[in-house]
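*Asks:* structure for the following, please:
(2 chains)
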There are 2 protein chains.
Amino acid sequence: MAENIDNLKVIIIGGVAAGPKTGATLARRMPNAKITLFQKEDNISYGTCGLPYYASGDVGSFDELTRTSYDVIRNADFFRRSKGFDVVTGAEVIKIDRDKKEVTVKLLKSGEVSNYSYDKLVLAVGARPTPPPFPVAECDNIRPFTRPEDAIYFRKSAEQGQIDKVTIIGGGFIGCEMAEAVVSMWGIEAAIIEKENQLLPYVLDPEMAQLVELEIKKQGVKILLGQRVEQVALDIEEKPEIKTIDGDELVSDFVFLCLGVRPEKSLAEDCGLKIGETGAIAVNKMMQTSDPDIFAGGDCVENIHQLTKAKVYMPMGSLANRHGRIIAENIAGNNVKFPGVLGTFLVKVFDLNVGAVGLTEKVAESAGLKIDTVLGSFADIPDFYPEGGTFTLKMVYEKKTERLLGLQAVGTGDICRRIDTFSSLLQKKGTVNDLLDFEHGYAPPYSEAVDSLHHLAGMVKAKEAGFNFAKAEEIMELDLTWLDVREADEIKSIPWPFVAEEYNQELIRIPLNDLKERLKELDPRHKIMILCRRGPRSYQAAVILRKAGYKKVFIVSGGTQAVLS
Amino acid sequence: MAENIDNLKVIIIGGVAAGPKTGATLARRMPNAKITLFQKEDNISYGTCGLPYYASGDVGSFDELTRTSYDVIRNADFFRRSKGFDVVTGAEVIKIDRDKKEVTVKLLKSGEVSNYSYDKLVLAVGARPTPPPFPVAECDNIRPFTRPEDAIYFRKSAEQGQIDKVTIIGGGFIGCEMAEAVVSMWGIEAAIIEKENQLLPYVLDPEMAQLVELEIKKQGVKILLGQRVEQVALDIEEKPEIKTIDGDELVSDFVFLCLGVRPEKSLAEDCGLKIGETGAIAVNKMMQTSDPDIFAGGDCVENIHQLTKAKVYMPMGSLANRHGRIIAENIAGNNVKFPGVLGTFLVKVFDLNVGAVGLTEKVAESAGLKIDTVLGSFADIPDFYPEGGTFTLKMVYEKKTERLLGLQAVGTGDICRRIDTFSSLLQKKGTVNDLLDFEHGYAPPYSEAVDSLHHLAGMVKAKEAGFNFAKAEEIMELDLTWLDVREADEIKSIPWPFVAEEYNQELIRIPLNDLKERLKELDPRHKIMILCRRGPRSYQAAVILRKAGYKKVFIVSGGTQAVLS
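*Replies:* Numbering: from 1, shown residues only, chains lettered A, B, ... in the order given. The predicted structure is shown next:
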């Protein structure tokens, strides 16, 4: 509790997540500290992550994002009265003097400039939209989606029926959330342009992103992948017109530039604080910058990845809150360390729940790890119980040690539970055997008796026992025989594999229950690719084929659900 | 893969969960083993845990409980064709001869008796209803709820409108599930009689069970706690009539005896296998009985609790499946150990989700552990996002080491995620600090930026810093002043604390935002009990009072949500 350093003067710059969290925690730990938070904007502590849901209309009024759950507005007065620290809004910090230990603050309305001294300073200055790497015309209908005014302006235009068509440049988190916001509520025509060959390119592997793409397309949104934008101009009607490098032209009423964000670092840079290799402010485990009296947290700092030990930039509201607490504890002298990040995220894309934690296959491989992966499809509750969802999981693990490295999840079912459980196992350096020993909560309204995480671990063991699981790219090989072990009704509703006809591959359909009797229909010299809905029947069929002496047997990981759902 | 012991003769007794799982896994590991499963009943591998949902009508036909997700019935033929092992139904094993290594099997239809020899034997014989400790009249309308016929008979009677009133003796899992099954779908009047002073007495602490009781009562079900049944007789109209020791009489059309289950151990006992202190079959970590050639798993065996190392009896379908896998691995020579149990459970009770993992306060204390607890109430997603739920969590931890020991959860919100995460942290010997470092998945449709588990850990730290959290019993003390810091609208909708008037306690209402200005209304000599909706505002109010020099300040853990929701 560090009573000796009570009465400390603490200045916090930035009032969205890390800043207010630092202030509130510190005011509880050191009730006599003099804490002042300066926020450039008029709004403070609004739910930034809620902006897409205000834009979509899910959240009725903007006000709701700035209110407590008991309906009191989080303004300067609230923070002073209820949280025990001072907040000044509309106040831009324009300079930090580390020698004098003071900051220069400009009140934006009056233009008045004053200096304030500090014992400890906290930078929670957040991020700003990544500047587009192409020319963009000046126009209110071409804008990023990072600030309240972006959400408010769009919503107003949509409510007034002024928008028929929106193009979103960038298929990351915000791009995907905005596609839903635009289409679901307002019925506006939408398209996403992404320069990489998949959506969510930095957080999902391609085959998982494909499931998201299918859902978005199903909702009528056009997706243009691998398309670089050359410029966003205005056409003769003053409408935003996007030109791609390939010469395509797209005219819409509104363009969102969802190109990600970059750390706000100018104040830190100007006063000589160390900037990390990712371009964000460098901090140690105590969230201290290169100046021990200056702390930093939230979207302006660099993090260390717990699994690779690499420096990463990971702007997330949940991390910002944890940073804020740790900064407060350390100012209060409690010596608390931030363990680094795992990259946990969740994002809702229309009816799909999408999330991941840890490393993707791509990232793990580029980090030089020797890894393997398994992919499976699941129902989240027993089929007999009504209203269940489904999901597909991809797990990454270190081959030699079987240490868990990452989980990706996409589906209509309960993925949050699996992502959070996996996150805590990653945090505790869990292995594949830990997954087998995981004791999940089971009752039919909530789960299966054997959990999806147990099944993933079981697939690792099956791989070790010599079973082959096929990757998406192998499905396209010409020289193979498809063995579809599903029932007639299932085939009728999902008439896969389409590719068989396209590539002129042999396709044999034998329900699993009849396979033993009809084995002679299969030529053991052929490579056999077994397909079912989710995977377990293919595994069982592979057992039968191997026992009968077939050597070239492959199981389609995750079945039709993983390629088509 | 133990190829050398291939061609093994394996007999499995019991065909619900552990038995079929052993058979299926073993047939994959040792495709040439000769595996035979004997099942006394005609049905096999039905979803036992699904029976309440068949009784309730949520599951349309009984058939659905015996079908695979792709609509094939799991009968003997299915197991032979698809799973690779033989199943004989209607076959009762009446004797095990360990010297000859053979079992005597009686076919129930023909009465035919034969002997079968084994190399390895697996007991997956399950459990039977606990015999009532009071006399019970013979009557079809008085029965346990453990077998398919119980569910089928009840459902038929309910569908025919023959039941107006059901009494459930026993307020454990099945008792609570049946209350919902009876009332929600069929609109039947129901009552629960429980001999302990709370529902779910062995798995929840009293204040958590109270939340479940409130929900059940709200649904119109009568709950009689602390009532011992003296007898269940028939009245003059041949209707079941329950007499309690206190002399009360209850007549209903139907009585369910939900008194729990006991391990089926007669076969094991008869052949001299070791029975454990809990009355279940003793097994080692490899699920081997005292005879190394006989394995046992599922509801007939004794488990070791991972946290207390005590022997416990814990009949759960999810554990039975894990036992089955481990038995198969060990028969195949793969040396896999079962780590013991944590006691994870989930149960749906009307609109409430209820669950726990690890130790309750009661159990931890009776195990001699020096523990402490925190209790908090939460919303599972931000208030601005529509359709969120709420829940109350109680956490038990070891005081000195801060090792996590248990979590209980009750609410309409997403408790499964927290229970599973906590389970994996218990498995990995996690501490309160691990909870603070937990990186949960965050997005407004799914979660708050700061998770409930972080808040629980924060409460532990607040306790260490000298803040007092009040327990339910302290609320009833006469000599105290209530300080309600909620807003007027909240008080109107939940006009707590009722007890203030009842006990003639002082009650002062000051919204948190006004507290600093109105401090003089509070007498510092009084004991002050602060109340809000979920807890955080009371904590904040306690900070303000402590700063102002108040010494006797208490926070009502979990607020009105924890006492009333």
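
*Asks:* tell me the SS of A:Ser377?
*Replies:* Using DSSP: H, G, I helix; E, B strand; the rest coil, the structure places A:Ser377 in strand.

*Asks:* so it makes contact with A:Val556?
*Replies:* No. Here A:Ser377 lies out of contact with A:Val556, judged by CB atoms under 8 Å, at a distance of 10.0 Å. (C-beta placed from N, C-alpha, C; glycine too.)

*Asks:* common neighbours of these two, please.
*Replies:* Residues touching both A:Ser377 and A:Val556 (CB atoms under 8 Å, 6 or more residues apart in numbering or on different chains) are A:Gly535, A:Ala562.

*Asks:* could you list the domains of chain A?
*Replies:* Following automatic domain parsing, one finds the domains of chain A at A:3-48+A:62-126+A:262-331, A:142-259, A:351-464, A:468-564.

*Asks:* and of those, who's closest to B:Asp235?
*Replies:* domain A:351-464 (35.7 Å; CB to CB).

*Asks:* so, in contact with chain B or not, the closest one?
*Replies:* Yes. Counting by CB under 8 Å from any CB of the partner chain, chain B is contacted by domain A:351-464 at A:353, A:355, A:357, A:379, A:382-386, A:414, A:416-417, A:419-421, A:423-425, A:427-428, A:430, A:434, A:436-447, A:449-451, A:454, A:458, A:462.

*Asks:* need the winner for burial among the domains of chain A.
*Replies:* Of all the domains of chain A, domain A:351-464 carries the top mean neighbour count, a mean of 22, counting by mean count of other CB atoms under 10 Å in any protein chain shown.

*Asks:* end to end on that one, go ahead and measure it.
*Replies:* Using CA to CA, to the nearest Å, one end of domain A:351-464 lies 36 Å from the other.

*Asks:* residues touching A:Asp86, list them.
*Replies:* A:Lys34, A:Ile35, A:Thr36, A:Leu37, A:Ala76, A:Phe79, A:Arg80.

*Asks:* what's the closest of those residues to A:Cys258?
*Replies:* Distances from A:Cys258 to the contacts of A:Asp86, taken by CB to CB, are shortest for A:Leu37, at 28.9 Å.

*Asks:* need the three-state assignment for that closest one.
*Replies:* strand.

*Asks:* any idea of the mean pLDDT for stretch A:260-280?
*Replies:* Averaged over stretch A:260-280, pLDDT sits at 97.

*Asks:* list the contacts of that stretch.
*Replies:* Under CB under 8 Å, 6+ apart, the answer for stretch A:260-280 is A:13, A:93, A:95-98, A:123, A:125-131, A:146, A:170, A:172, A:281-282, A:289-291, A:294, A:296, A:299-302, A:311-313, A:315.

*Asks:* any idea how far the residue lying closest to A:Glu194 once chain neighbours are set aside is from A:Gln219?
*Replies:* Spatial nearest neighbour of A:Glu194, chain neighbours left out: A:Gly171 (3.4 Å); criterion: CB to CB, 6 or more residues apart in numbering or on different chains. A:Gly171 is 14 Å from A:Gln219, where distance means CB to CB, to the nearest Å.

*Asks:* for A:Ile371, same thing?
*Replies:* Counting by CB to CB, the gap from A:Ile371 to A:Gln219 is 33 Å.

*Asks:* next one: A:Lys370
*Replies:* Distance from A:Lys370 to A:Gln219, by CB to CB: 39 Å.

*Asks:* equivalent analysis for A:Phe79, please.
*Replies:* For A:Phe79 relative to A:Gln219 (CB to CB), the value is 40 Å.

*Asks:* ok, A:Ile73 next?
*Replies:* Counting by CB to CB, the gap from A:Ile73 to A:Gln219 is 35 Å.

*Asks:* cheers, nothing more for now.
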